[in-house]
Structures are given as C-alpha cells and as structure tokens.
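*Asks:* Sequence unavailable; structure follows:
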C-alpha cells in the first residue's frame, strides 16, 4: 500500500508567477514534442524518439534547463510507446477488456 501526502502550496506572487511560467513552458515543450512525433508517425509509420528528443533538447535547454527538457521528452516517449503497445495488442485481440469492449461496440 502506498501512502499519499497532500500538501497545499501557498506561494508568494513572485513564486506563483515562476510556477506558472514553468508550467506554461512544459506544456509548450510537450505539445511541440507531440506534434513532431505525430508528424513522423503519419509520414513514416514510426517515430524516432532519439532524434526528436535531441531536437527539443537543443531548442529549449537554455529556456527551461536541459534536464527538465530530457525528463519531458522521456515521459512523452513513454506515452507514445504505451500507445504503440496498446495499438499492437488491440490488433492481436490481446487488448485489455475495456478496449476490446469499446471496439466491439464500434463495429
């Protein structure tokens, strides 16, 4: 069993602005990565994760920090790999029951 601790942040106006800018920057980078990978997937049928990660790293490292960009790129790649895995399992009829039920209703 995992224990969850809830913390209520009470930042100052300056800290709130910094947190908002950080959240906005991460959203922009996430969307940019998604767009690049979706474009590759539609064009080639696969995605090159290392190339898109390197491009994003060099483009945004001075803005938000290199380690943050790497973390975002790796989390995004993890999401894409999960999508590919579920898609492959769906084609093989080994998808989770919830996905199978939805596809059976569509047909």
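*Replies:* That came through fine. Treat the numbers as computed from the prediction; the structure is a model and nothing was measured.
*Asks:* which helices and strands does the strand or helix carrying residue 70 pack with?
*Replies:* Following DSSP states H and E, one finds residue 70 within helix 66-91. Helices and strands touching helix 66-91, by 3 or more CB pairs under 8 Å, 6 or more residues apart in numbering; DSSP states H and E, are helix 13-44, helix 49-64, helix 97-106. Bear in mind the C-beta positions are built from the backbone N, C-alpha and C, glycine included.
*Asks:* and the spatially most central residue of the chain, what pLDDT?
*Replies:* Central residue of the chain (CA atoms, centre = their mean): residue 76, 2.8 Å from the mean position. On pLDDT, residue 76 comes in at 92.
*Asks:* same check, this time on residue 93
*Replies:* On the pLDDT scale, residue 93 is placed at 72.
*Asks:* sec struct for residue 46, please.
*Replies:* Put simply, residue 46 is coil when judged by DSSP: H, G, I helix; E, B strand; the rest coil.
*Asks:* distance of it from residue 78?
*Replies:* 16 Å (CB to CB, to the nearest Å).
*Asks:* again, but for residue 13
*Replies:* Distance check for residue 13 against residue 78: by CB to CB, it reads 35 Å.
*Asks:* circling back: check contacts around the residue nearest to the centre of the chain.
*Replies:* Contact partners of residue 76, counting by CB atoms under 8 Å, 6 or more residues apart in numbering, are 30, 33, 34, 37.
*Asks:* Let's see that with 6 Å instead.
*Replies:* residue 33 (CB atoms under 6 Å, 6 or more residues apart in numbering).
*Asks:* Could you tell me how many residues sit around residue 22?
*Replies:* Close neighbours of residue 22, defined as other CB atoms under 10 Å, add up to 13.
*Asks:* ok, it - contacts?
*Replies:* Residue 22 neighbours (CB under 6 Å, 6+ apart): none.
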